[in-house]
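[1] sequence? don't have it. structure:
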Ligand SMILES: COc1ccc(C2=NN(C3CCN(c4ncnc5ccsc45)CC3)C(=O)[C@@H]3CC=CC[C@H]23)cc1OCc1ccccc1C(F)(F)F
Ligand SMILES: [Mg+2]
Ligand SMILES: [Zn+2]
């Protein structure tokens, strides 16, 4: 008889009272609430003999290590974790990955931006920030995120992987590092090209995509998966999506203010002008987001159809508002 996993993370004679207690937490602690729920739903707690109180301790510490910046805060961590959870259930891949890979993917998603300062890699590099010195300008933020995530595991009461073998822990660590480093936008073009080549090769060889043998093939799909989850704002309904982009604009404008105060060139996307948001977002969707989701769509066909339609609608929304803005300005001129 398997020991039941306490639904609320801890054994209690008064589950109802604790449930009431925890509810406000899910409001203040969205990252912990969502991630704990996903670990339960995927039975990861039982499969990997994770001690529930350690999982809660780790998630509380992780959540508190996300900075209170407008966009790259704990809500973004929770959002990418939830998006990863949904993407892993896509028809084309849900039976491909084993529970170790799923554990690594969910964990990588929830930790992937921890301790983000709300500044971009180019900014940290040009201001010679300590992190840029430490990581030699190479995926500076992403190296920091994954280092912080593993440092938090070192405390025994937070080590959720204490019941994994040394070898299992080694592979899990490699997968998580590979995935988090793949969220650096500077890696986007190579990552997508390799992904397209893999799918092309699979198609040529006639066997279905699902037969991914090597570690390199399997991790390549997982890297693109976390990258898709990180760029999933644009595939969400407009009312949700527009809230994310407004948060990001505030974060970019604050960086623009810092650049001005430091006498540095203001990054193009940090310029406070009414057309910046629309212009850049259209460019971003056309150059980065749509090609990525289109490639993903060919793997998980037909799941991605709704996603691609929403992406097109959101792009049209920007084009309409840009046209309105530019026509009104030409009228004024
Ligand atoms: C919800 O919407 C976005 C979410 C995340 C990002 C993210 N952007 N980026 C980079 C920032 C620099 N980039 C560029 N810089 C200048 N001109 C261009 C032209 C086309 S891209 C690009 C490329 C994308 C990141 O590294 C973030 C961290 C990791 C993943 C993704 C994040 C970008 C969103 O909307 C786009 C955008 C919106 C508003 C203003 C500007 C931008 C803008 F397009 F500029 F980003
Ligand atoms: Mg990031
Ligand atoms: Zn992110």
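    Everything's here; your move. Please read these numbers as outputs of a predicted model, since none were measured by experiment. Ligands and ions are numbered 1, 2, ... in the order given.
[2] What's the biggest helix in this protein, counting residues?
    In the chain, assigned by DSSP state H, the helix with the most residues is helix 304-332.
[3] Pull the distance from it to the chain's centre.
    How far helix 304-332 lies from its chain's middle: 25 Å, per C-alpha atoms, centre = their mean, to the nearest Å.
[4] Counting by contacts, list what that helix packs against.
    helix 238-261, helix 274-284, helix 290-299 (3 or more C-beta pairs under 8 Å, 6 or more residues apart in numbering; DSSP states H and E). For the C-beta atoms, the positions are set from N, CA and C on the backbone; glycine is no exception.
[5] quick one: is the first one near ligand 3?
    No: using C-beta under 5 Å from the ion as the criterion, no contacts between helix 238-261 and ligand 3 are found, and the smallest distance is 10.4 Å.
[6] For this protein, what lies in contact range of ligand 1?
    Within the chain, the positions lying close to ligand 1 (C-beta under 6 Å from any ligand atom) are 183, 185, 230-231, 233, 244-245, 248-249, 252, 268-269, 276-277, 280-281, 283-284, 287-288.
[7] how about the longest helix of the chain: buried residues?
    304, 307, 310, 311, 314, 315, 317, 318, 321, 322, 325 (16 or more other C-beta atoms under 10 Å).
[8] Does the third one touch residue 236 like I think?
    Looking back up the chat, that one is residue 310. Yes: here residue 310 reaches residue 236: they are 6.9 Å apart, a contact under C-beta atoms under 8 Å.
[9] re the thing from before, got the buried residues of helix 304-332 as CSV, with distance to ligand 2 and pLDDT columns?
    Listed next are those as CSV, based on distance: C-beta to the ion, whole Å; pLDDT from 0 to 100:
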residue, distance to ligand 2, pLDDT
304, 23, 86
307, 21, 91
310, 22, 94
311, 20, 94
314, 21, 94
315, 23, 94
317, 25, 93
318, 23, 92
321, 27, 91
322, 27, 89
325, 29, 85
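[10] Could you check how far residue 291 is from residue 231?
    Per C-beta to C-beta, to the nearest Å, residue 291 is found 11 Å from residue 231.
[11] With residue 186 instead?
    14 Å.
[12] so where's the stretch 1-150 of the chain shaky on pLDDT?
    1-3, 5-9, 16-26 (pLDDT under 70).
[13] For ligand 2, what is the nearest residue in it?
    residue 113 (4.4 Å; C-beta to the ion).
[14] okay if I get the helices and strands packed on helix 304-332 as a markdown table plus mean neighbour count and distance to residue 129?
    Shown next, in a markdown table, are those (neighbours: other C-beta atoms under 10 Å; distance: least, C-beta to C-beta, whole Å):
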| stretch | mean neighbour count | distance to residue 129 |
| --- | --- | --- |
| helix 238-261 | 16 | 11 |
| helix 274-284 | 18 | 24 |
| helix 290-299 | 19 | 28 |
